[in-house]
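Visitor: Fold the stuff below for me.
(one chain, ligands or ions: 4)
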Amino acid sequence: MGWLDVLWNPVWAISTALLALVVRMQRRGRWDPHACTVRLKGKTAIVTGANTGIGKSIALDFARRGARVILACRSEARGTATLKEIREKTGNRDIHLRLVDLSSLDSVREFTKRILEEEKALHILVNNAGISGLPRQITKDGFDVSFATNHLGPFLLTNLLLDLMKRSAPARIVNLSSVNHVKGEVDFSHFHGENLTYHRDNVYNHTKLHNIICTNELARRLEGTGVTANSVHPGVVMTEVMRHYPFMFRFLFNCIGIFFFKSPDEGAFSPTFCAVSEEMEGITGKYCDSDCSLVLPAPLARDAALAVKDFEICERLTSKL
Ligand SMILES: NC(=O)c1ccc[n+]([C@@H]2O[C@H](COP(=O)([O-])OP(=O)(O)OC[C@H]3O[C@@H](n4cnc5c(N)ncnc54)[C@H](OP(=O)(O)O)[C@@H]3O)[C@@H](O)[C@H]2O)c1
Ligand SMILES: *[C@@H]1O[C@H](CO)[C@@H](O)[C@H](O)[C@H]1NC(C)=O
Ligand SMILES: *[C@@H]1O[C@H](CO)[C@@H](O)[C@H](O)[C@H]1NC(C)=O
Ligand SMILES: *[C@@H]1O[C@H](CO)[C@@H](O)[C@H](O)[C@H]1NC(C)=O
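Guide: Residues are numbered from 1 along each chain as shown. Ligands and ions are numbered 1, 2, ... in the order given. As a prediction, this is how the structure comes out:
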């Protein structure tokens, strides 16, 4: 019997379909955004990388709840298309596009300068933008481009908006990390592109570990301010996240994904849970799994001494000398 025959075997097909159904039911998690009646009228939210994927679904949810939503995107064309779509779908006109390239510290400073000039308050910041599988490239700031985009850019952006958030308290910061952080390592020379092997999602895994470490240290520093900071794993989601991988890899990801992975809307559940739910009020420094439950991240992500050091190094790297 050839492998094609195996594929057509009805027993195999039915059991796969059943398994997919079970996975589909389980991945919905224990919190349903449609059942959550929290309104965000009068609240301002920023979502980075909001033009596609999980970020777009998060922004849509905030828009439906009546928030003033700022889509922080790097492409004017892609951002404008999403802006129109969200306004049309929700009837909320208070949606705005602001451009930022997170891989550039100058661009982040320009973006936050404008936000601080224009916005009276900021209640929710979702650091969602991220990339995976990029080849080695050093930015003009001297950083590996993946570290700049996934970690150092969002780090600076968050820090520059902190005072505004403190004035707007209660306020929440939600950082999109990934379960991949468990395979990440901390080596501060990585920031500059040293000692990195650009094999598959290796670099991505490191950046996602730094996300949790710094979120936790930030949460500690923010204690008593009314601003919370948590990290979240959205699940395995069918988005453009694989765009820098070889065709065959993407093809396989999508084939399996149709059955087993989440849609972007489902991927937005756990980040939205952290950003709006009553359950998460006042909760800070935690890591939320894709089913909206709080779980422990990898041991390195819980090392408080390492976090102090990491945060200080990131502060130094992102402050203009
Ligand atoms: N999908 C998953 O299975 C999965 C699993 C775990 C964690 N995550 C995390 O979830 C987050 C969202 O991922 P996704 O799956 O929705 O990916 P996606 O579909 O590729 O969307 C990523 C977003 O980030 C933006 N972005 C990338 N580089 C940027 C830069 N330099 N400056 C500004 N924006 C930039 C992209 O803008 P352009 O469209 O202009 O490129 C896009 O809007 C990421 O942090 C990712 O690590 C995803
Ligand atoms: C989350 O916040 C921390 C602390 O500000 C920052 O270092 C990190 O880069 C952020 N993560 C993401 C995914 O933007
Ligand atoms: C990183 O690379 C430098 C040389 O670029 C080397 O001296 C150092 O030992 C390396 N560190 C690790 C942890 O491998
Ligand atoms: C990155 O993390 C994922 C998920 O834990 C793992 O499957 C993969 O092998 C890791 N990549 C590397 C290069 O360690």
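
Visitor: and the stretch 51-200 of the chain, which residues reach ligand 4?
Guide: Within the stretch 51-200 of the chain, the positions adjacent to ligand 4 are Asn180, Val182, Lys183, His199, Arg200 by Cβ under 6 Å from any ligand atom. Any C-beta I mention is one placed from the backbone N, CA and C, and that applies to glycine too.

Visitor: CSV for these, including neighbour count and pLDDT?
Guide: Below are these laid out as CSV (neighbours: other Cβ atoms under 10 Å; pLDDT from 0 to 100):
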residue, neighbour count, pLDDT
Asn180, 18, 96
Val182, 14, 96
Lys183, 15, 96
His199, 7, 83
Arg200, 12, 80
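
Visitor: who in this structure is up against ligand 1?
Guide: Looking at ligand 1, the residues of the chain close enough under Cβ under 6 Å from any ligand atom are 49, 51-55, 73-75, 78, 100-103, 128-131, 149, 176, 178, 233-234, 236-237, 239-241.

Visitor: Now go through those and say which are in strands.
Guide: Counting by DSSP state E, the residues of the chain next to ligand 1 place Cys73, Leu176 in strands.

Visitor: Would you point out which residue of the stretch 201-321 of the chain is nearest ligand 2?
Guide: Distances between the stretch 201-321 of the chain and ligand 2 by Cβ to the nearest ligand atom are smallest at Cys214, namely 3.2 Å.

Visitor: so what's the backbone phi/psi at that residue?
Guide: Note on Cys214: its backbone torsions stand at phi -70, psi -30 [degrees, to the nearest 10].

Visitor: what's the answer for Ala67, then?
Guide: Residue torsions, per degrees, to the nearest 10, at Ala67 are phi -80, psi 160.

Visitor: contacting residues around the one helix or strand Lys309 maps to?
Guide: According to DSSP states H and E, Lys309 maps onto helix 304-318. Helix 304-318 is contacted from outside by 105, 143, 151-152, 155-156, 159, 186, 188, 191, 210, 213-214, 216-218, 220-221, 300, using Cβ atoms under 8 Å, 6 or more residues apart in numbering.

Visitor: Return the distance of stretch 236-252 from the chain's centre.
Guide: Counting by Cα atoms, centre = their mean, to the nearest Å, stretch 236-252 is centred 17 Å from the centre of its parent chain.

Visitor: Use 39 as the first number for this chain going forward.
Guide: In the new numbering, first residue 39, that becomes stretch 274-290.

Visitor: Can you list the buried residues in the helix holding Lys347?
Guide: Buried residues in helix 342-356, counted by 16 or more other Cβ atoms under 10 Å: Leu344, Ala345, Asp348, Phe349, Cys352, Leu355, Thr356.

Visitor: again, but for stretch 107-116
Guide: Val107, Ile108, Leu109, Ala110, Cys111, Arg112, Arg116.

Visitor: my guess is the fifth one meets Gly117, correct?
Guide: Which is Cys111. Yes - between Cys111 and Gly117 there is a contact under Cβ atoms under 8 Å: 3.6 Å.

Visitor: Give me the distance from the helix holding Lys347 to the chain's centre.
Guide: On Cα atoms, centre = their mean, the centre of helix 342-356 falls 20 Å from that of its chain.

Visitor: I'd like the C-alpha coordinates of that helix written as PDB, please.
Guide: Extracted as PDB, the C-alpha positions of helix 342-356 are listed here (Å, rounded to 0.1, in the frame of the first residue of the first chain):
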ATOM      1  CA  ALA A 342      14.500  38.000  39.200                       C
ATOM      2  CA  ALA A 343      18.200  38.800  39.400                       C
ATOM      3  CA  LEU A 344      18.600  38.100  35.700                       C
ATOM      4  CA  ALA A 345      15.600  40.300  35.000                       C
ATOM      5  CA  VAL A 346      17.200  43.300  36.800                       C
ATOM      6  CA  LYS A 347      20.300  42.900  34.700                       C
ATOM      7  CA  ASP A 348      18.500  42.400  31.500                       C
ATOM      8  CA  PHE A 349      16.300  45.400  32.000                       C
ATOM      9  CA  GLU A 350      19.300  47.600  32.900                       C
ATOM     10  CA  ILE A 351      21.200  46.500  29.800                       C
ATOM     11  CA  CYS A 352      18.100  47.200  27.600                       C
ATOM     12  CA  GLU A 353      17.700  50.600  29.200                       C
ATOM     13  CA  ARG A 354      21.400  51.400  28.400                       C
ATOM     14  CA  LEU A 355      21.200  50.100  24.800                       C
ATOM     15  CA  THR A 356      18.000  52.100  24.100                       C
END
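
Visitor: what mean pLDDT does that helix have?
Guide: For helix 342-356, the per-residue pLDDT values average out at 97.

Visitor: OK, contacts around the residue of the stretch 139-288 of the chain found nearest ligand 3?
Guide: Residue of the stretch 139-288 of the chain nearest ligand 3, by Cβ to the nearest ligand atom: Asn233 (3.8 Å). For Asn233, the contacting residues are Asp225, Ser227, by Cβ under 8 Å, 6+ apart.

Visitor: That one - that's part of a helix, no?
Guide: No - assigned with DSSP: H, G, I helix; E, B strand; the rest coil, Asn233 falls outside any helix and is coil.
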